[in-house]
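# 3D model of this:
(one chain, ligands or ions: 9)
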Amino acid sequence: MFRFSYVNRILIIFFGAVVAGLVLKTAMIPESFGKYGHYRADWLSEGTQLPSIYQGKFVCQECHNEIFQTHEKDVHVSVECENCHGNGKKHVDFHKKVASASVDTSADMTASGGIKDQAKMHILKDNQTCLYCHRQLKARPKYFPQIDPDAHFELLKVKDKNTTCFSCHSPHEPLFLVKKVSESRVHPTINECKSCHDESVSEPRPENHPTIFECKYCHKGLIDDFKAKKHKFLNCTSCHNVYRISESSGYIFKNGNPKFCLMCHEDKNIVDSTKVPVIKQKEHYEMMGATPDMRCFDCHGAEKIHDISKNPFYSAGKASDTDKIEKQLQTPASHGAEIKNEQK
Ligand code: HEC
Ligand code: HEC
Ligand code: HEC
Ligand code: HEC
Ligand code: HEC
Ligand code: HEC
Ligand code: HEC
Ligand code: HEC
Ligand code: HEC
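Residues are numbered from 1 along each chain as shown. Ligands and ions are numbered 1, 2, ... in the order given. Okay, the predicted model is just below:
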């Protein structure tokens, strides 16, 4: 005879465990679970009660309006302040309390390591701050502006590899645009060979080549003129940078801000002055009898950069953004310049 009673004992333990599990599960499922979906519905209201760690740029605007406005105008408009400065919770709480005088900032508050110190935002003046987003990587989409620092410095004739990005770019307005990004003209942007080709390719293109929009199709006269100038080593998009808004279009800037030219031409001992002619703006303007509201392009445009009257769309009198530039010139010097002075 076979005896199976030992199986019964195992089965009893097994079903006992299952029943206990079910009872426990029913007891432990929160009341509002499953109301809207496979989650606890009460979390929706509880979650919104938690203090927000990231504040968003409009909170920063309340106290840093000037920086906010500059930042809002330039190409970093889509970059949050807290991407570079870290989360602002402690900082905003602290300064709001100070503003409402409910915090005593004297004595131990100001001591190192005290509340005030803890409320400080991060400021990294390291090149990694920028390269974190802009270092050239295969994994990045090709249209995103990215640089290889060595190649960038070589193009710009920078002498020392340890030069900081901030000595030229301001983090809050990297290109010193005169107008808001969104006020520039929308262009078709499939124009660079590298947007489609991995390796460098050269002309001639095969007959069945997909249509690509190059500057020369529409700005012909101006391009021929540019070819005879000293800046011909640059791409058109080096000065007229592109801000993508879709796969095939983007804003192209017409940027006559002197601060832009000065990124390459300012005499601050960064670039090799045997290869880039450098000036000190103040002295140069005095020597040339220029008024502060004048742009470099007003004197050097047609002869040294390119002659916009050769642009097929040119209509005399409309080319200048001088009024807006004037306002720009009255704003304080770029952060880049400030940092440079510190280094000296
Ligand atoms: C309630 C006003 C207020 C708000 C809101 C505020 N700040 Fe500040 N912030 C200040 C004050 C005041 C200082 C100057 C502190 C000093 O000099 O001791 C400051 C200084 C800074 C500094 C310099 C470093 C430091 O902490 O001293 C940075 C960077 C900064 N703020 C970034 C931000 C960012 C980013 C935001 C948005 C998340 C923000 N702030 C929101 C008042 C504010
Ligand atoms: C791309 C990175 C980056 C972004 C984005 C950024 N900052 Fe800064 N910020 C810096 C760096 C780097 C410095 C230090 C440079 C200097 O001393 O001028 C700085 C300095 C500051 C300072 C203190 C120095 C000063 O000029 O008063 C304040 C305040 C500040 N930032 C606020 C903001 C606010 C507000 C925003 C968003 C509207 C913002 N920052 C966005 C990188 C950034
Ligand atoms: C959090 C990511 C981030 C950081 C950090 C950052 N940037 Fe940017 N940067 C962007 C984005 C996004 C754009 C706009 C890209 C576009 O054209 O669509 C941009 C655009 C630019 C451009 C214009 C490129 C062009 O051709 O339109 C320059 C120049 C630039 N950044 C310089 C800097 C510098 C200098 C720093 C360091 C202070 C810095 N960036 C830090 C995200 C970042
Ligand atoms: C000597 C001044 C100078 C220094 C230093 C400098 N830049 Fe630039 N940068 C420029 C100028 C001028 C341009 C516009 C011409 C161009 O696009 O090549 C530019 C363009 C850029 C662009 C846009 C490139 C593109 O293809 O659209 C990025 C991104 C950038 N810089 C990031 C950086 C970073 C990151 C650093 C620090 C490692 C840095 N720059 C250091 C002057 C400088
Ligand atoms: C919109 C994407 C796109 C852009 C931008 C583009 N190409 Fe091409 N290119 C292609 C495609 C797709 C082919 C393959 C065509 C075929 O073989 O039918 C090709 C083929 C070529 C070829 C034939 C040799 C080869 O590698 O297959 C040359 C040469 C070439 N392209 C040059 C250029 C140059 C120079 C530029 C910049 C001025 C450029 N292309 C920009 C998409 C593009
Ligand atoms: C499909 C035709 C076309 C192509 C391709 C083209 N453009 Fe334009 N561009 C125009 C037109 C049209 C205008 C408007 C003319 C005007 O308002 O005077 C314009 C205006 C401009 C302006 C002035 C923008 C402003 O805000 O006033 C600049 C700068 C410019 N283009 C640069 C370029 C560069 C650089 C390239 C190549 C990367 C390029 N364009 C390619 C048609 C084109
Ligand atoms: C060294 C910098 C630089 C380079 C490189 C450059 N430009 Fe310009 N371009 C400028 C400046 C500065 C202006 C005047 C901006 C203003 O009026 O505010 C301008 C104006 C323009 C305009 C507007 C003309 C108008 O009617 O208002 C067009 C179009 C243009 N450039 C196209 C090009 C093309 C195409 C190339 C390449 C062949 C090129 N640029 C290369 C600096 C440059
Ligand atoms: C990316 C860096 C860069 C930018 C941006 C740039 N330049 Fe230049 N520029 C140079 C270099 C390099 C030379 C010298 C080229 C040579 O001698 O072959 C030069 C030459 C010049 C010259 C002397 C030209 C001659 O024919 O003797 C003038 C004037 C000048 N630039 C003005 C400007 C103005 C104005 C702007 C702004 C609209 C500007 N540059 C923007 C790099 C730049
Ligand atoms: C009032 C007109 C005027 C203004 C504004 C002006 N310049 Fe000049 N600049 C001149 C003259 C004139 C010369 C000497 C003759 C020449 O090389 O064209 C000169 C020479 C230069 C040179 C030296 C060229 C060489 O071959 O050595 C550079 C670089 C230069 N300027 C850059 C700039 C920059 C950048 C700005 C804007 C910040 C600017 N200039 C604003 C009139 C002006």
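
# going by C-alpha atoms from here, please, whenever you check contacts or count neighbours.
Noted.

# tell me the pLDDT at Lys327?
According to the prediction, Lys327 has pLDDT 44.

# could you do Ile115 as well?
For Ile115, the model assigns a pLDDT of 71.

# same deal with Ser184?
Per the predicted model, pLDDT is 93 at Ser184.

# can you check Phe4 too?
If you check Phe4, the pLDDT there is 77.

# same check, this time on Asp225
As summarised for this prediction, Asp225 has a pLDDT of 91.

# isn't it right up against Asp307?
Yes: with contact defined as C-alpha atoms under 8 Å, Asp225 counts as touching Asp307 (6.7 Å).

# identify the residue of the stretch 201-344 of the chain closest to ligand 6, quick one.
Closest residue of the stretch 201-344 of the chain to ligand 6, C-alpha to the nearest ligand atom: Cys215 (3.2 Å).

# got the contact list for Gly221?
Residues in contact with Gly221 (C-alpha atoms under 8 Å, 6 or more residues apart in numbering) are 310-312.

# around ligand 2, pick out the residues from the protein.
With C-alpha under 6 Å from any ligand atom as the criterion, the chain meets ligand 2 at residues 57, 60, 64, 67-68, 71, 79-81, 84, 123-125, 171-172, 335.

# of those residues, grab the buried ones for ChimeraX.
Selection of buried members from the residues of the chain next to ligand 2 for ChimeraX, criterion 16 or more other C-alpha atoms under 10 Å:
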select :57,60,68,71,80,81,171,172,335
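
# now, among the residues of the chain next to ligand 2, which is nearest to ligand 9?
Closest to ligand 9 out of these is His335 (16.8 Å), distances taken as C-alpha to the nearest ligand atom.

# could you verify that His209 is part of a helix?
No: going by DSSP: H, G, I helix; E, B strand; the rest coil, the assignment for His209 is coil, not a helix.

# measure the closest residue to Gly301 other than its chain neighbours to ligand 2 for me?
In space, and not counting its chain neighbours, Gly301 is closest to Asp307: 6.5 Å by C-alpha to C-alpha, 6 or more residues apart in numbering. As judged by C-alpha to the nearest ligand atom, to the nearest Å, Asp307 and ligand 2 stand 34 Å apart.

# list the contacts for Asp307?
222, 225-226, 301.

# now, which of those sits nearest ligand 4?
Nearest to ligand 4 among those, with distances taken as C-alpha to the nearest ligand atom, is Phe226, at 16.1 Å.

# quick one: contacts for the spatially most central residue of the chain?
Ranked by distance to the mean C-alpha position of the chain (C-alpha atoms, centre = their mean), the top residue is His76 at 3.4 Å. His76 makes contacts with 172-174, as judged by C-alpha under 8 Å, 6+ apart.

# shouldn't Gly88 be in contact with Glu80?
No: with contact defined as C-alpha under 8 Å, Gly88 does not count as touching Glu80 (11.3 Å).

# ok so, going back, the contacts of Gly221 into CSV, with extra columns for secondary structure and distance to ligand 5?
CSV is the format used below for these (DSSP: H, G, I helix; E, B strand; the rest coil; distance: C-alpha to the nearest ligand atom, whole Å):
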residue, secondary structure, distance to ligand 5
Lys310, helix, 22
Asn311, coil, 21
Pro312, coil, 21
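
# least confident pick among those?
Looking at the contacts of Gly221 by pLDDT, the weakest one is Pro312, with 74.

# before we move on, back to that, closest to ligand 3 out of the contacts of Asp307?
Using C-alpha to the nearest ligand atom, Phe226 is the member of the contacts of Asp307 that sits closest to ligand 3, with 20.2 Å.

# so what's the closest one closest to, chain neighbours aside?
In space, and not counting its chain neighbours, Phe226 is closest to His306: 5.1 Å by C-alpha to C-alpha, 6+ apart.

# who's in contact with the one you found?
Neighbouring residues of His306 by C-alpha under 8 Å, 6+ apart: 222-223, 225-226, 229.
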